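**Q** Give the three-dimensional model of this entry:
(4 chains)
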Protein chains: 2
Amino acid sequence: MAKAPPAEKRRQILDAAVRVFARQGFHATRVSDIADEAGVAYGLVYHYFDSKEEVLNELFVERWSLLIAAIEEADRAGGPHRDRLAAVAAFIIDSYRHDPELMKVIIVEVTRAANSFGQTHLTEIRRAYESIAKIVADGQEAGELRGDVPPIFASMAFYGAIEQLLSGWIFDVVPSSDAGFDQAKDLLVTTICDGLAPR
Amino acid sequence: MAKAPPAEKRRQILDAAVRVFARQGFHATRVSDIADEAGVAYGLVYHYFDSKEEVLNELFVERWSLLIAAIEEADRAGGPHRDRLAAVAAFIIDSYRHDPELMKVIIVEVTRAANSFGQTHLTEIRRAYESIAKIVADGQEAGELRGDVPPIFASMAFYGAIEQLLSGWIFDVVPSSDAGFDQAKDLLVTTICDGLAPR
DNA sequence: AGACCGATTGACTGGTCAGTCAACCAGCGG
DNA sequence: CCGCTGGTTGACTGACCAGTCAATCGGTCT
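**A** Numbers count the residues shown, from 1 in each chain, chains lettered A, B, ... in the order given. I've put the predicted structure just below:
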């Protein structure tokens, strides 16, 4: 058998961890579960990672940096600020569509677990909120968004709404479907920008 | 020393558990921590509860049933549907103001931990979403709210925004103050009902 | 060949902690 | 005074599992 380059085994472990964390949750997975799922010996996990936490760490940082990049890119791209927010919503929802297990792990085990694990990443998480807030602030300056709502507040509400929707799909509170995902993108922006009251 | 009635010791344990869970998180608290905090012997916790989980259980059910009652009461009270939503937001935010530690535990350890512990209570959690959705649906029927947003969607967005705000306060992403709480109630309804776009 | 070295293996250890249980204590009724 | 009952105590046990480490494997270079 040809020897797989080291990086592949590492990747293999990360991918397996996503599946197992998604299935059982971080606390309930033993390191041996990850190793088994990856088809790799127990000890190898510790060859590539210092601890079980570091595996989750890596998964989170990998993806969250993409999210932050996407938000800042959406802002940099210009256009109506409403569309910039739409781009953010679309990115997050498409991330879920593309890799629901990974998003489940990130949201459930990190983002919404600010107590235990998310504490470590509070800075990065906050950065995402602030980047969204910046879009809002710019939109207010441009007169495209009302000025009497503090940007950080709008940002938290917007992001919170998105995350709640994802949670709904993750835990089957609400059925998930491709059409539902696309509809959600629109509804999110409609609700946050136009509001529920009839015009 | 006068012998405290049994119910008081039970209460003492529950209250201590709130403090310890809030401080360390559910997973990181040992049963002995709860006993110590309550000034009670280790074994007594098991006299009143079957397990550590049952303690958290009890705390959640106690408070969540109040929340559901408040939502359904807000609906039953009549008046503009916008005000009914405002009443829901006010109840949740005031719950936090009144007992931040308990709300922290409920949100962090149950509501946002649908994986591990929240799984057990998915039904009750869903019930809250649905009660809010009913307010929205009624509002749409009455022509007070736009009809092109599915009620359950609006409900998730609304509740998600609230919970995200609480999380912000809980983890000091955003400073908390009495004025901020009251402002948040208004902004929440403003944002969700009127939207961010200028009228 | 054979020395070298990083990847890989999995048995083992040490510490942690949930839950058990036998003993103890205080009031009360007979 | 004595035995009963139910609250209360805390030492102990058994299971579990993260992380260690010595041994092995296999490719590469000399």
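
**Q** how about the helices in chain A?
**A** A:6-24, A:31-38, A:42-48, A:52-76, A:81-98, A:100-105, A:122-141, A:151-170, A:178-189 (DSSP state H).

**Q** Give me the residues contacting the third one.
**A** Applying Cβ atoms under 8 Å, 6 or more residues apart in numbering or on different chains, the contact partners of helix A:42-48 are A:9-10, A:13, A:31-32, A:34-35, A:38, A:52, A:55. No exception for glycine: its C-beta is placed from N, CA and C like everyone else's.

**Q** Just the buried subset of those, please.
**A** A:9-10, A:13, A:31, A:34-35, A:38, A:52, A:55 (16 or more other Cβ atoms under 10 Å in any protein chain shown).

**Q** Could you export those as a markdown table, including pLDDT?
**A** A markdown table is the format used below for these (pLDDT from 0 to 100):
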| residue | pLDDT |
| --- | --- |
| A:Lys9 | 92 |
| A:Arg10 | 95 |
| A:Ile13 | 97 |
| A:Val31 | 97 |
| A:Ile34 | 97 |
| A:Ala35 | 97 |
| A:Ala38 | 97 |
| A:Lys52 | 95 |
| A:Val55 | 97 |
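
**Q** Would you point out the most distant pair within those?
**A** Spanning the widest gap among those are A:Lys9 and A:Lys52, at 16.9 Å by Cβ to Cβ.

**Q** For the least confident helix or strand in chain A by mean pLDDT, what is the distance to the chain centroid?
**A** Each helix and strand of chain A was given a mean pLDDT (mean pLDDT, DSSP states H and E); the minimum falls on helix A:6-24 at a mean of 92. For helix A:6-24, the separation from the chain centroid amounts to 18 Å (computed by Cα atoms, centre = their mean, to the nearest Å).

**Q** For it, which helices and strands make contact with it?
**A** Secondary-structure packing of helix A:6-24 (3 or more Cβ pairs under 8 Å, 6 or more residues apart in numbering or on different chains; DSSP states H and E): helix A:31-38, helix A:42-48, helix A:52-76, helix A:100-105.

**Q** buried sites along the shortest one?
**A** What that stands for is helix A:100-105. By neighbour count with 16+ other Cβ under 10 Å, helix A:100-105 contains the buried residues A:101-105.

**Q** Report the distance from that helix to the chain centre.
**A** 8 Å.

**Q** residues making contact with that helix?
**A** A:18-19, A:21-22, A:26, A:56, A:59, A:63, A:95-96, A:166, A:169-170, A:176.

**Q** Could you do the first one as well?
**A** Applying Cβ under 8 Å, 6+ apart, the contact partners of helix A:31-38 are A:9, A:12-13, A:15-17, A:19-20, A:24, A:41-42, A:44-46, A:52, A:55.

**Q** overlap between those residues and the residues near DNA strand D?
**A** The subset of these within reach of DNA strand D, by Cβ under 7 Å from any atom of the strand, is A:42, A:46, A:52.

**Q** Wait, A:Gln164 touches B:Ala157, no?
**A** Yes: taking Cβ atoms under 8 Å as the definition, A:Gln164 is a contact partner of B:Ala157 at 6.7 Å.
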